[in-house]
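K.L.:
What would the 3D arrangement of this be:
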Amino acid sequence: MTRTNGRLDPATIRYIKLGRAGGLEERCIKEGICYIGFGTGDSEIFDIACQASISGAEAIWGALWDELYKRESDRSEQQRKTAASQARNQIRSFYTAGEETLWITFFAGRLYYTTLDKQEKPQISSSDRGSFRRVLGEWSCTDANGKDLSIESLSGQITKTQLFRGTSCEITDGPREYLLRRLNGEQHDYISAIEKSRCSLETGIVDAIKALTPQDFELLTELVFSRTYRRVGSTGKVQKFVDIVFENPIVVNGGVETICVQVKSQTTISKLLEYLADPQRETYGRFYYVFHTSADLTEDFELPLEYQDEVQIIGVQSLATLVVETGLITWLTNKAG
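P.N.:
This next block holds a predicted model:
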């Protein structure tokens, strides 16, 4: 792929729909090929397109237009001309493209991108009523930092391209700039400023959380979890093992998942292991251990294998992030100030 100082910087970016209604997406992604139709599965159109792409002669591209025009005989004169021109132009973009053109498509909830191998000749596929070109390397669905390019993480100015009714189109202007930033793992200045401010905010929240009384720390934890789960047990020390009990409000097959949350302002690894070994823990579907201060326990503490699917440790840094995401900053500053 064309890069400038290590940065992906193609001359052209084009979206392409792989097969009718995307029916060849999976095959193309897995086999490292790219597909176009427009009758190129017919040997006559395929041969003319190949000759034109090799010679570059406008006369041969004109002959391709003539052949495409002939095959639109059931349309009006203007419709025939328009269809022939659109097909010829898209075939030309596909057959002549090299590393200077980046191709994107969507498959299985992700954006994929690649360039075509100029050294490999197009291959006809009469059964698919089109032709293929081999990609250079493979299709990629991660940015320069290895981050997954899931559709949910992308702006609508790019994902709306999936709704394009034709086969291929060029991506230009604002959408092009946005896409290149994402592929190169870059951020717009205002996003960098927001993340810097958020980092500073969460640092202050960590200090504020540590200033809470044990009772207020427990109440904060309850408020955070209540934004997702439904509380069914009160905070307090009625039971030795339980601080707060929640239910997952999403019921599957009539079952209800119960969730136990144990809250500790200060704790140790040995105290955590004591709770994990308590038989009462097994009565809950999930167990969260929330704390803000410890001399030896950290959030990335490696739990024994038998607990890893059911137990989660939440330290003060993760809790600070959750405070921001659940809109509890004002509550916290009032309590800690």
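K.L.:
wouldn't Gln123 be in contact with Phe132 here?
P.N.:
Yes: at 4.9 Å, Gln123 counts as touching Phe132 under the criterion of Cβ atoms under 8 Å. The way it works is simple: take the backbone N, C-alpha and C, and place the C-beta from them, glycine included.
K.L.:
Tell me which stretches of the stretch 151-300 of the chain form helices.
P.N.:
Under the criterion DSSP state H, counting those that start in this stretch, helices of the stretch 151-300 of the chain are mapped to 156-159, 173-183, 189-210, 214-226, 269-277.
K.L.:
Give me whichever of those is most buried.
P.N.:
Ranked by mean neighbour count, those are led by helix 214-226 with a mean of 19 (mean count of other Cβ atoms under 10 Å).
K.L.:
list the helices and strands that one packs on?
P.N.:
Applying 3 or more Cβ pairs under 8 Å, 6 or more residues apart in numbering; DSSP states H and E, we find helix 214-226 packed against strand 244-247, strand 258-267, strand 286-294, helix 316-325, helix 329-336.
K.L.:
Turn the helices of the stretch 151-300 of the chain into a markdown table, including distance to Gly315.
P.N.:
As requested, the helices of the stretch 151-300 of the chain are arranged in a markdown table below (distance: least, Cβ to Cβ, whole Å):
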| stretch | distance to Gly315 |
| --- | --- |
| helix 156-159 | 35 |
| helix 173-183 | 31 |
| helix 189-210 | 9 |
| helix 214-226 | 12 |
| helix 269-277 | 11 |
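K.L.:
which residue is nearest the middle of this structure?
P.N.:
The centre of the chain sits closest to Ser150, judged by Cα atoms, centre = their mean, with a distance of 1.7 Å.
K.L.:
from memory Thr105 sits against Leu18, does it?
P.N.:
Yes: Thr105 is within contact range of Leu18, at 5.6 Å (criterion: Cβ under 8 Å).
K.L.:
beta partners of Thr101?
P.N.:
Judged by DSSP bridges, the bridge partners of Thr101 are Thr12.
K.L.:
if we can go back for a sec, do you know which of the helices of the stretch 151-300 of the chain lies nearest Val311?
P.N.:
Among the helices of the stretch 151-300 of the chain, the nearest to Val311 by Cβ to Cβ is helix 269-277 (6.5 Å).
K.L.:
Return the angle between stretch directions for the closest one and strand 286-294.
P.N.:
Interaxial angle of helix 269-277 relative to strand 286-294 (axes from the mean of the first three to the mean of the last three Cα atoms, to 10 degrees): 170 degrees.
K.L.:
What lies in contact with helix 269-277?
P.N.:
For helix 269-277, the external contacting residues (Cβ atoms under 8 Å, 6 or more residues apart in numbering) are 241, 262, 264, 281, 287, 289, 294, 296-297, 301, 303-304, 307, 311, 313.
K.L.:
hmm, try it at 10 Å
P.N.:
240-241, 260, 262, 264, 267-268, 281, 287, 289, 291, 294-298, 301, 303-304, 306-307, 310-311, 313 (Cβ atoms under 10 Å, 6 or more residues apart in numbering).
K.L.:
So the chain: which segments form each domain?
P.N.:
For the chain, automatic domain parsing gives the domain ranges 3-183, 190-336.
K.L.:
can I get these in JSON lines with mean pLDDT?
P.N.:
Output for the domains of the chain, formatted as JSON lines (pLDDT from 0 to 100):
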{"stretch": "domain 3-183", "mean pLDDT": "93"}
{"stretch": "domain 190-336", "mean pLDDT": "89"}
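K.L.:
what distance separates stretch 125-145 from the centre of its chain?
P.N.:
Distance, stretch centre to chain centre, for stretch 125-145: 20 Å (Cα atoms, centre = their mean, to the nearest Å).
K.L.:
now the end-to-end length of that stretch.
P.N.:
One end of stretch 125-145 to the other measures 36 Å (Cα to Cα, to the nearest Å).
K.L.:
What are the buried residues along it?
P.N.:
Across stretch 125-145, burial judged by 16 or more other Cβ atoms under 10 Å covers 125, 128, 130-136, 139-141, 143.
K.L.:
Mind checking which of those land in strands?
P.N.:
Using DSSP state E, the members of the buried residues of stretch 125-145 that fall in strands are Ser125, Gly130, Ser131, Phe132, Arg133, Arg134.
K.L.:
Is it correct that the last one is in contact with Tyr35?
P.N.:
No: in this structure Arg134 lies outside contact range of Tyr35 using Cβ atoms under 10 Å: 11.1 Å.
K.L.:
could you say what helices and strands the helix or strand that contains Ala83 packs with?
P.N.:
Secondary structure assignment for Ala83, by DSSP states H and E: helix 77-96. Contacts defined by 3 or more Cβ pairs under 10 Å, 6 or more residues apart in numbering; DSSP states H and E place helix 77-96 against strand 12-16, strand 33-36, helix 43-55, helix 58-70, strand 101-107, strand 130-134, strand 168-170.
K.L.:
With distance to Ala83 added, can I get the ones you listed in TSV?
P.N.:
Listed next are the helices and strands packed on helix 77-96 as TSV, based on distance: least, Cβ to Cβ, whole Å:
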stretch	distance to Ala83
strand 12-16	18
strand 33-36	15
helix 43-55	13
helix 58-70	7
strand 101-107	23
strand 130-134	16
strand 168-170	15
